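[1] Would you be able to build a 3D model of this:
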Amino acid sequence: MIATMFVAAALSFANFPLDEALHRAVDNSPDVVAASARVAQSAAALGVARNLISPSLSTAYAQAPQGNPPGPDVIARTLTVGLQTNITDFLNYGPTVRQNVLLMSASRADFATALRTERVRTVGLYYDALRTRAIADARSQALGLATAQLDAAQKRFAAGDAPQLDVLRADVAVARATADLETARVADENALEALRIETAVPASMLQTTLPVSSLPSVQNVVKNGRSGGVTGGVAGGTTVSIPGLANAAPFGNVPSAATAVTTALATRAEISSATATYNAGVAARELAQRTGLPALTVTGGYTTGTDSGVPIGAPSITAALNIPFGAAAHDRVLIEEARLAQARAQIEVARRAVTLEVAASARNVTALRRASAASTRARQGAQAELAATQLGYRNGASSSLEVVIARQTYDQTVVDELGALYDLAKARATLAVEVGQ
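    Residues are numbered from 1 along each chain as shown. Reported below is the predicted structural model:
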């Protein structure tokens, strides 16, 4: 039996760093585009609110017969030019502007949430693509060794040094390794396609991977689709080699679930959005309470023309008072009260969602660190078992079946170790995004 073992390697895209993937995904995200449009819409609505008290130009022309029996009718003609304003708009100006300022704050927070959601999704797709590529490479190496094992068994059988059963077992191992490789290649193609679509990059940018000393991590926080000035996050500045792997994964200090939740509650945009929406509802309720007040419209200007055949020209003023009847104003207040109750509940919904999400992510990182260490120990044990079984086979103490089983176990533990490695890196990056780093 051949004693060669392959060494798995952590991979990174040679031409596509993680930060660039995040930037491209944000720029390509329809959710982010929609959220940005809502911010622009809110800004325009705020501009409208701030101009509510601007007076409007008012012009009026009147022509009316006034009679002149027994002669022809005298025609009165007047032209009035002036400014018109609604006093009620002055009274509502403060709460109207305040409401729109808060709604714009909510839309900006929603935009930040869209950015965070897109970054979390891209982090997952990025690490999944690297994991499937690394596993496909490991499966390819395993198939190469299984094929070499079959060739060696055939030669030993031809020389009379091994039974045909060894050839049959080696052939089965090759078939299994081939099936595993095909499955891994399909997973690799699917993962790469998902990442390519999300980031809108040419497929050629994702074809070349290189072994790395540490897995790629989030180094910059994306703000408004561009690289921000905050650094740090996933790697925590620490890189530790993993025995048995040709490369390493980032291992920094992992915050406790309580610490992560406290940080997230203070920074997450979902809570800011819900709070701003509630405060905007308070202003909307105040406006609803004022709808029952009389509406006074005042127009002032200058009137010129003829009246009863006599030329006229003097300043003029008109005041119109509209007094509403019925319970419509009261019902509008009830509507806003109900919306306030919903907005208040949404704050609690957002806090609970963030608490559960971030606490689960923090615990997930801790668990995956242990799982990654355990997978490394499992691979080391399988490697030692395979070496001992191969030595026993050469000395006649082990059968070819035991060698095949030991090799398959080793191959799987290598794949498991790679999977745990990338799952941990993805979990750390996700947690960093979720707590606002």
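
[2] Going by C-alpha atoms from here, please, whenever you check contacts or count neighbours.
    OK.

[3] Going by residue numbers, what spans are helices in the chain?
    For the chain, the helices defined by DSSP state H occupy 18-28, 30-50, 87-159, 164-199, 257-267, 269-290, 328-394, 400-434.

[4] Next up, the contacts around the closest residue to Ala203 other than its chain neighbours.
    Computed as Cα to Cα, 6 or more residues apart in numbering, the closest residue to Ala203 that is not its neighbour in sequence is Arg196, at 6.5 Å. Shown in contact with Arg196 (Cα atoms under 8 Å, 6 or more residues apart in numbering): Pro202, Ala203, Leu206.

[5] Do I have it right that the last one meets Asn15?
    Yes. Under the criterion of Cα atoms under 8 Å, Leu206 lies in contact with Asn15, with a separation of 7.3 Å.

[6] Just the buried positions in stretch 24-43, please.
    24-29, 32-33, 35-36, 38-39, 42-43 (16 or more other Cα atoms under 10 Å).

[7] ok, so of those residues, who is nearest Leu165?
    Closest approach to Leu165 among the buried residues of stretch 24-43 (Cα to Cα): Ala25, at 53.7 Å.

[8] If you average pLDDT per helix and strand, which one of the protein comes out bottom?
    Sorting the helices and strands of the chain by mean pLDDT, DSSP states H and E puts strand 239-241 at the bottom, at a mean of 28.

[9] Rebuild the buried residues of stretch 24-43 as TSV, extending it with distance to Asp128 and pLDDT.
    Converted to TSV, the buried residues of stretch 24-43 look like this (distance: Cα to Cα, whole Å; pLDDT from 0 to 100):
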residue	distance to Asp128	pLDDT
Arg24	17	95
Ala25	15	95
Val26	18	94
Asp27	21	93
Asn28	19	94
Ser29	19	94
Val32	22	95
Val33	25	94
Ala35	27	95
Ser36	28	94
Arg38	32	94
Val39	32	95
Ser42	37	94
Ala43	38	94
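
[10] Let me have these in JSON lines, adding distance to Leu287 as columns.
    Shown next, in JSON lines, are the buried residues of stretch 24-43 (distance: Cα to Cα, whole Å):
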{"residue": "Arg24", "distance to Leu287": "43"}
{"residue": "Ala25", "distance to Leu287": "41"}
{"residue": "Val26", "distance to Leu287": "38"}
{"residue": "Asp27", "distance to Leu287": "38"}
{"residue": "Asn28", "distance to Leu287": "40"}
{"residue": "Ser29", "distance to Leu287": "37"}
{"residue": "Val32", "distance to Leu287": "32"}
{"residue": "Val33", "distance to Leu287": "32"}
{"residue": "Ala35", "distance to Leu287": "27"}
{"residue": "Ser36", "distance to Leu287": "28"}
{"residue": "Arg38", "distance to Leu287": "23"}
{"residue": "Val39", "distance to Leu287": "23"}
{"residue": "Ser42", "distance to Leu287": "18"}
{"residue": "Ala43", "distance to Leu287": "20"}
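
[11] Out of those residues, which is nearest to Gly326?
    For these, the nearest to Gly326 is Ser42 (32.5 Å; Cα to Cα).

[12] you'd agree that closest one is up against Val97?
    No. Applying Cα under 8 Å as the test, Ser42 and Val97 come out as separate, 11.5 Å apart.

[13] From the chain's centroid, how far away is stretch 131-150?
    For stretch 131-150, the separation from the chain centroid amounts to 35 Å (computed by Cα atoms, centre = their mean, to the nearest Å).

[14] ok, now stretch 49-65?
    Computed by Cα atoms, centre = their mean, the separation of stretch 49-65 from the middle of its chain amounts to 49 Å.

[15] dump the residue contacts of the residue lying closest to Ala21 once chain neighbours are set aside.
    Distances taken as Cα to Cα, 6+ apart put Thr199 closest to Ala21, at 6.2 Å, once the chain neighbours are dropped. Contacts for Thr199 (Cα under 8 Å, 6+ apart) come out as Ala21, Leu22, Arg24, Ala25, Val26, Asn28.

[16] how far away is Thr199 from Ala280?
    36 Å (Cα to Cα, to the nearest Å).

[17] Who has more neighbours out of Leu206 and Asn15?
    Neighbours of Leu206 and Asn15, each counted by other Cα atoms under 10 Å, are more numerous for Leu206; the result is 19 against 14.

[18] and the spatially closest residue to that one that is not a sequence neighbour, how many neighbours?
    Distance criterion Cα to Cα, 6+ apart; nearest residue to Leu206, sequence neighbours excluded, is Phe13 at 6.4 Å. Here the number of neighbours of Phe13 (other Cα under 10 Å) works out to 20.

[19] Report the contact partners of Phe13.
    Phe13 neighbours (Cα under 8 Å, 6+ apart): Leu130, Met205, Leu206, Gln207, Thr208, Thr209, Leu210.

[20] Mind putting those into TSV with pLDDT and distance to Asp307?
    TSV is the format used below for those (pLDDT from 0 to 100; distance: Cα to Cα, whole Å):
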residue	pLDDT	distance to Asp307
Leu130	93	88
Met205	91	83
Leu206	92	85
Gln207	90	88
Thr208	90	90
Thr209	89	91
Leu210	87	93
